[in-house]
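**Student:** could you look at this predicted model? Sequence included:
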Amino acid sequence: MRPLTDDETKILFEKLSKYIGDNIRMLLERPDGLYTFRLHRERVYYCSEAIIKYASNFPRKELLSFGTCFGRFTKTRKFRLHITALDFVAPYAKFKVWLKPNAEQQFLYGHNVVKTGLGRITENTPKYNGVIVYTMNDVPLGFGVAAKSTIECRAADPMALVVFHQADVGEFLRNEDALT
């Protein structure tokens, strides 16, 4: 368990800014205390300062996890956001996509979203920017990347891709043995 280096922090914040923009500060400076990001076994954990003090009492080899896993660094030093970060990222999302009920199941199976499954989309969503995918009842389902901007979506073919799948809450079931 160690603090992130400057390069790792930059990579993490660039990834988070695709989804929540400048609201990263709200993640770190919460009313219930200070929160930070820590690296342990190539995974980035989001936790309070109090949890860090408790976790520092254990040897690194015996510590499995602490806080909430936000994602991991790949071997090529890219950052992959995990679905466990959804509950913390969703309230601060800049761009959102709502799915129709018939498209929810397809998204949860790991498929991309086509225009026929699109219920609503946030105005002025740019192309290739991170979006949070919701049900029509405002329940967050996962992360995606906008394949088309809001304006392009209006004129798109009904079977055109509008959101590329990144992560969803169905991953817990599909990758149960690999999520360690």
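**Tutor:** Perfect, I can see it now.
**Student:** what helices or strands is the lengthiest helix in the chain leaning on?
**Tutor:** Longest among the helix segments of the chain by residue count, using DSSP state H, is helix 6-20. Based on contacts counted as 3 or more C-beta pairs under 8 Å, 6 or more residues apart in numbering; DSSP states H and E, the elements that helix 6-20 packs against are helix 24-28, strand 33-40, strand 68-73, strand 79-81, helix 86-89, strand 130-134. (C-beta placed from N, C-alpha, C; glycine too.)
**Student:** quick one, domains of this structure?
**Tutor:** Here the domain parsing of the chain from automatic domain parsing is 2-89, 94-174.
**Student:** mean pLDDT lowest for which of those?
**Tutor:** Looking at the domains of the chain, the lowest mean pLDDT belongs to domain 2-89 (a mean of 89).
**Student:** between the two ends of that one, how far is it?
**Tutor:** Distance between the boundary residues of domain 2-89 (C-alpha to C-alpha, to the nearest Å) amounts to 22 Å.
**Student:** for the longest helix of the chain, buried residues please.
**Tutor:** Residues of helix 6-20 classed as buried: 8, 11-12, 15-16, 18-20 (neighbour count, 16 or more other C-beta atoms under 10 Å).
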